[in-house]
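Participant: build me a model:
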Amino acid sequence: MAKSSIKIRAKEKGGVTTVKTLITHPMETGLRKNKKTGKLIPAHFIEEVTCEAGGKKVFVAEMSGGVSKNPYLSFKFTGAGKGDEIKLSWVDNKGGSDSATAKIR
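Facilitator: Numbers count the residues shown, from 1 in each chain. Next up is the predicted model:
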């Protein structure tokens, strides 16, 4: 099995779940040049990140090439409890995707 590009942690406190995630991705804008060849490096970036809890979307982020390499995201939501599972997934502009699940602590 391939290693996931997503590291994810979720912690519930006082009815609010805090999710912290790090996604390994090159996030190329399409504007940077290769130093050796002088040619543009093609755009390659995450377009959408989605988080689901209990079968419902609790977070959606639309991104572009303006986000740095290996983006870190942190967000909060309500309506989930300790032991529940969340699923975080992303899709990039070249059709690549990945997802990961984690139990809320």
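
Participant: what mean pLDDT does the strand or helix carrying Ile8 have?
Facilitator: Using DSSP states H and E, Ile8 falls within strand 6-13. Strand 6-13 carries an average pLDDT of 97.

Participant: what about the strands in this structure?
Facilitator: Assigned strands in the chain, in chain order: 6-13, 16-23, 46-53, 56-62, 72-78, 85-92, 97-103 (criterion: DSSP state E).

Participant: can you tell me the strand partners of the strand holding Ile8 and which way each runs?
Facilitator: strand 16-23 (antiparallel) (DSSP bridges).

Participant: neighbours of the nearest residue to Ala100 once chain neighbours are set aside, just the number please.
Facilitator: Leaving aside its sequence neighbours, Ala100 sits nearest to Ile6 (CB to CB, 6 or more residues apart in numbering; 3.9 Å). Heads up, the C-betas are built off the backbone N, CA and C, glycines and all. Using other CB atoms under 10 Å, the number of residues around Ile6 comes to 19.

Participant: lovely, talk soon.
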